[in-house]
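# here is my input, please return the structure:
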Amino acid sequence: MSGMPSDDLLVSLSMNYNNSGSSHAELCDNLKRNSILRTPLIEYAFRKTDRKFFDPSPNPYEDKPHSIGCNATISSAHMHALALEAINRSLVPTGAQQGVVTGAFKPKTFLDVGSGSGFVTALLGTIAQSADSAARFSTAAAAIVGLSPSTQAASSKVIGVDVSKALCDQALSNVRASNPALVAGADPTVRFSTADVFTVEGLSSLSSPLFDAIHVGVAVARPPIALLASLAPGAEAVIPVQRPDSNEQDLVVYKRKTSPNGDASKLPLPDVVISPLFSAAALKGSETARQQAGVSASVDIDKALAAESEFVESNFEIRTIMRVIYSVAVTEADYNSQLESLPATEKAALNPRITHGAAPSATGYEKFFKSTAFPGQLNDAELSPEDKKIIEQERERAAAEALAAINAERAKHLEEIERCDKELTELTAVIKSWHTEFTEKNGKKPSLQDMESDSSMSKNLEQVRELRKQKQRAEAALKKLDATKQ
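You can find the predicted model right below:
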């Protein structure tokens, strides 16, 4: 979490820091045992993203917020887990494999606001890379959906943004040390940008399409409508919202409603957009707050806030996940400045991540960097038993979902064929009746020209042609699905 003037720390009411571990694996085990990590792919991302690369304190596996410098903190691990689990359907949608099955794969774009040291950005990057292709879960799933190697290239993107350029630079370095594949190449999965995305101008600087999921690590006083307007239909944002006159915050999920007409464009904003870092009470009662928020004297605050509320209520489904309290950091010591004065050997003994710029040593970096394969690759010899188990679970889930998607698509085509047959039977009866009546009346069978010269019969014939085309298309699609299934 970064960018908050008070540098307060999120602390949940019920976690009691009982998730801490002596290693990253133990921390993840505890988060899973306590039912905080529930979604297999999110758990997988956590296990692949070691916090020692993002938390410079001597205790990176302690489930508490720690200073990362620049007047910012990295939140506790359980808060990151809770936030991503809250929007797991946007990150790992159950229908994702259906899009691949039909050949309509849609890459995703995730946004991490207040990216700080880059931990959540790295988590999202691992999720995006792994979810880009069913083949990364399972070669069996790839065979089921008929993927070829050319369709398996990573294309989803994650953007981490922070108001501090120093933090963005450090986050990039951290991700490169943790998982080089996320930031490799000219068009990497993960990138960082220095911007204030609570403003329209800051968002436009990202030059990105609508977002499929947004994680916000900065507490706001009011909903950030400029940011919410950039959500794709059905997409979710998880945001800590400060309760008025309280030391509590609500972890809130905003889900953009889908439009009845299928409109997927960016939502039009109210005429006035005010920084969400200022509460309604402050804006109404303090001229200083208005000036700091950049609100001109001519703006009717009550009217602007009413329009803001109407915008949120009309366009978003809102649910509060949990209530948290925040408290000022209990440790006055700045670990970053303390560690700078230590010899390199002592730094490495406390936390190898501090020396990730140095040559690999016996601290574990040699093994960590040995494998350059992308997360989720099945032949990664360095995978732990836990990772292998997670991949196996994802393999089975992906294969089952792909097969279920094929069966659902098959049922749809069978229903279409049945409908066409029924309507063709009804039309055939009508045409036969007309044919008999024409023969009795004219003493001869009607020619095609006779039939088409009759307006009602001409329409019936055209409808027959169209139904036959529809049936042929459904049969062809069904044949293709059956071939894929085999």
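
# C-terminal to the helix-or-strand element of the chain with minimal mean pLDDT, what's the next element?
Within the chain, no helix or strand scores below helix 365-370, which has a mean of 27 by mean pLDDT, DSSP states H and E. The first helix or strand that comes after helix 365-370 along the chain, using DSSP states H and E, is helix 385-442.

# what mean pLDDT does that following helix get?
On average, the pLDDT along helix 385-442 is 83.

# how far off centre is that helix?
A distance of 32 Å separates the centroid of the chain from that of helix 385-442, by Cα atoms, centre = their mean, to the nearest Å.

# packing partners for it?
helix 24-33, helix 40-48, helix 96-101, helix 139-145, helix 448-453, helix 455-485 (3 or more Cβ pairs under 8 Å, 6 or more residues apart in numbering; DSSP states H and E). C-beta: built from backbone N, CA, C; applies to glycine.

# among those helices, single out whichever gets nearest to residue 239.
helix 40-48 (18.1 Å; Cβ to Cβ).

# count the neighbours of residue 297 for me.
Residues lying near residue 297 (other Cβ atoms under 10 Å) number 7.

# could you do the one 3 residues further on as well?
Each residue near residue 300 was counted by other Cβ under 10 Å, and the total is 10.

# how about the one 3 residues further on?
Burial of residue 303, expressed as a neighbour count using other Cβ under 10 Å, amounts to 12.

# now do the SS call for it.
helix (DSSP: H, G, I helix; E, B strand; the rest coil).

# where are the low-confidence patches of the protein?
1-17, 93-105, 132-154, 325-392, 394-395, 398, 484-486 (pLDDT under 70).

# could you list the domains of it?
The chain breaks down into these domains under automatic domain parsing: 9-382, 404-485.

# returning to what we had before: please identify which of the helices and strands packed on helix 385-442 is closest to residue 317.
That would be, of those and by Cβ to Cβ, helix 96-101, which comes in at 20.6 Å.

# re the thing from before, got the helices and strands packed on helix 385-442 as a markdown table, with distance to residue 214 and mean neighbour count columns?
Formatted as a markdown table, the helices and strands packed on helix 385-442 follow (distance: least, Cβ to Cβ, whole Å; neighbours: other Cβ atoms under 10 Å):
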| stretch | distance to residue 214 | mean neighbour count |
| --- | --- | --- |
| helix 24-33 | 22 | 18 |
| helix 40-48 | 16 | 24 |
| helix 96-101 | 18 | 22 |
| helix 139-145 | 28 | 20 |
| helix 448-453 | 58 | 12 |
| helix 455-485 | 35 | 14 |
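
# between these, which one is nearest to residue 248?
Closest among the helices and strands packed on helix 385-442, using Cβ to Cβ: helix 24-33, at 23.0 Å.

# ok, and what's touching the closest one?
Applying Cβ atoms under 8 Å, 6 or more residues apart in numbering, the contact partners of helix 24-33 are 18-21, 37-38, 43, 46-47, 50-52, 60-61, 63, 77-78, 81, 384, 386.

# which of these count as buried?
Applying a neighbour-count criterion of 16 or more other Cβ atoms under 10 Å, the buried members of the contacts of helix 24-33 are 19-21, 37, 43, 46-47, 50-52, 60-61, 63, 77-78, 81.

# for the residues you listed, which one is nearest residue 247?
When the buried ones among the contacts of helix 24-33 are compared against residue 247 (criterion: Cβ to Cβ), the nearest one is residue 78, at 19.0 Å.

# which helix or strand contains that closest one?
Residue 78 belongs to helix 77-86, assigned by DSSP H and E.

# does anything pack onto the helix or strand following that helix? Which helices or strands?
Sequence order places helix 88-91 as the next helix or strand after helix 77-86, per DSSP H and E. For helix 88-91, the elements it packs on are helix 40-48, helix 119-131, strand 211-216, strand 231-242, judged by 3+ Cβ pairs under 8 Å, 6+ apart.

# tell me which residues of helix 88-91 come out buried.
For helix 88-91, the neighbour count (16+ other Cβ under 10 Å) marks 88, 89, 90, 91 as buried.

# now the second one: closest residue in space, sequence neighbours ignored.
With Cβ to Cβ, 6 or more residues apart in numbering as the measure, residue 236 is the residue that lies nearest to residue 89, at 7.2 Å, once sequence neighbours are left out.

# burial count for the one you found?
Residues near residue 236, counting by other Cβ under 10 Å: 25.

# quick check: it touching residue 213?
Yes: here residue 236 lies in contact with residue 213, judged by Cβ atoms under 8 Å, at a distance of 5.9 Å.

# give me the common contacts of those two.
Joint contacts of residue 236 and residue 213 (Cβ under 8 Å, 6+ apart) are 87, 90.

# ok so, going back, with distance to residue 432 added, can I get the helices and strands packed on helix 385-442 in TSV?
Formatted as TSV, these follow (distance: least, Cβ to Cβ, whole Å):
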stretch	distance to residue 432
helix 24-33	68
helix 40-48	58
helix 96-101	41
helix 139-145	45
helix 448-453	12
helix 455-485	11
